[in-house]
Structure formats: structure tokens, C-alpha cells
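Undergrad: My questions are about this predicted structure, shown below with the sequence.
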Amino acid sequence: VATTVALGFARNADTAAALGEAVGALTRGYETVRGAYVDSWESFLSDKPIPASARETTALERQYKASLMGLRAVEDKTFLGAGIASPSVPWGEAVSAEESKGYGYNFVWARDLYQVFTVFEAVGDLETATAALEYVYDYQQDDRGFIPQNTYINGKTRWGGEQIDNISFPQVMAYQLREKGVTFDEVDYGFSNVRASADYVARNGPATAQERWEEEAGYSPSSIAAEIAGLACAASIGLDEGHDADA
């Protein structure tokens, strides 16, 4: 006997709203709901190029597509561009799933978001890539140019540690988008955002309070490499925008 189960989700544990979602899904019917879900992902993948290496076997192509879908799935649907590091708790054997705690990687690190950004920039999805950088500048960066270690999806600081690479990568993102023809006229940030983070790095680097693995303070080759790349990118943008002194 086949049984269909529907799960309804709503804001603030609103039972009535969640029940309405579940009933609505059942009313539409399983095949209709499943078809709409499949269609949404096929539409997402339709304009994404598949590298020749990924087309060598069906398994590789499926893995490639699943990877793209996974990266898109971790983006919040309310705060666009807020891609969490991972929907996982790797140390689950030490954390009870029955307790509501702020453990895991379901938060936004600008450094991890940069990695997601590079994927969508590489496959030509500049809209998704731009949304990631707009999120960093709109919700994470403060007036000093500081970008905290990580934030909740709404931009509220979770852990406020200083990680200089976290503050440097957005400058690289801005440069890469510019290289693809995305100008300040088209986005929700400007040179003032790029300059602010570059100034913070110039004032406070090259030492960092936390390096790439968030374990040590001091002079990290990984962090310094990100600083150099970020400052070089910010300088290039500054020259293009006529801010020679900043560059």
C-alpha cells in the first residue's frame, strides 16, 4: 500500500500555516508537486555549461550537476546571496540533535561564500554571484570595513572574530565581477564598500586574529596571500574609478 506523507513548514512554528502548506501540497497531488520540483532544477541547470571532463561518464555528469544544485540550495531564499557554509554538523557525535544550539556550519562566512561565488562566476551565473557579494556588503560589512568571522543569514554577528582573509576576499569578488562586465551602476554596492574593507586590511594587517582554520593568531601565509590579492584587486578598481590616491 502506497502512502504519501506531506511535511509543511512555516515561520515561528505556526501550526496552522504549516498544516496549510502540507494540505496544499496533498491537494495538488504528489506527481504535480514532484514535477514542479524537477522542473525548477532543470530550469536552473539549463544554461549551465557542462565541462567536457564531466561529460565523460554519466556518473561524473550527475555529480557535477548535483554539486551545482547543492551550492544553490544553501543560499537562503529570504536573504538572497546568503549562502551558508554547509547544512551540516560534522561533529554530530558530540552534539545532541534533540537540543537547539548554534552548532554547525549553517552560518555565513564571507570566506566560504567566496568559494561558492567562484563557482557561479565560472559557469556564467553572474546574477547569483553578484547577489553573494551584495549580501556581504549590505549585511556583513560595518562602517569600519570590518566583516565578522561569520553571521546568521540576516546579517547578525554570530562569532565576531577577526579573520583578515574573510575581509579580503570580497575585494577579489568585486574585481572578478568587474572583469565580467558588472559595473557599480548595476549592483547594490560601490567603491566605498571596496575601499572600506581594503582600508581595514591596510590598517590592521598583515597579522590576523584568526587564520584560515580559526585556530591561531599572527602571520598566516594563507591569510597574507588573501590580503595581497584583495588589496591588488581594490587598487585596480580604484584606478578604474579615478581614486588614484586610494590605489
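TA: Alright, I've got the coordinates.
Undergrad: Going by C-alpha atoms from here, please, whenever you check contacts or count neighbours.
TA: Noted.
Undergrad: where's the residue lying closest to residue 131 once chain neighbours are set aside, which helix or strand?
TA: Spatial nearest neighbour of residue 131, excluding adjacent residues (CA to CA, 6 or more residues apart in numbering): residue 81 at 4.4 Å. Following DSSP states H and E, there is no helix or strand that holds residue 81.
Undergrad: Please list all residues in contact with residue 81.
TA: By CA atoms under 8 Å, 6 or more residues apart in numbering, the contact list for residue 81 reads 75, 128-135.
Undergrad: Make CSV out of the residues you listed and add secondary structure and neighbour count.
TA: As requested, the contacts of residue 81 are exported to CSV (DSSP: H, G, I helix; E, B strand; the rest coil; neighbours: other CA atoms under 10 Å):
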residue, secondary structure, neighbour count
75, strand, 23
128, helix, 19
129, helix, 25
130, helix, 22
131, helix, 19
132, helix, 25
133, helix, 26
134, helix, 21
135, helix, 24
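Undergrad: Closest to residue 202 out of the residues you listed?
TA: residue 133 (20.5 Å; CA to CA).
Undergrad: quick one on the thing from earlier: quick one, phi/psi of the residue nearest to residue 131?
TA: Dihedral pair for residue 81: phi 90, psi -20, per degrees, to the nearest 10.
Undergrad: who are the neighbours in contact with residue 60?
TA: Neighbours of residue 60 in contact, by CA under 8 Å, 6+ apart: residue 54.
Undergrad: I'd like to know how far it sits from residue 51.
TA: 10 Å (CA to CA, to the nearest Å).
Undergrad: Please give me every residue in contact with the residue nearest to residue 72 when sequence neighbours are not counted.
TA: Computed as CA to CA, 6+ apart, the closest residue to residue 72 that is not its neighbour in sequence is residue 83, at 7.9 Å. Neighbouring residues of residue 83 by CA under 8 Å, 6+ apart: 71-72, 74-76, 108, 113, 116, 132, 153.
Undergrad: Let's have those in TSV, adding distance to residue 145 and pLDDT.
TA: Shown next, in TSV, are the contacts of residue 83 (distance: CA to CA, whole Å; pLDDT from 0 to 100):
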residue	distance to residue 145	pLDDT
71	27	95
72	27	95
74	26	94
75	24	95
76	24	94
108	17	96
113	17	97
116	22	95
132	17	97
153	19	94
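Undergrad: Show the low-confidence segments of the chain, by residue range.
TA: Low-confidence segments of the chain (pLDDT under 70): 12-13, 92, 97-101.
Undergrad: Strands along that one, start to end?
TA: Chain-ordered strands for the chain, with DSSP state E as the definition, do not occur.
Undergrad: Output the longest helix belonging to it.
TA: Ranked by number of residues, the top helix in the chain under DSSP state H is helix 221-240.
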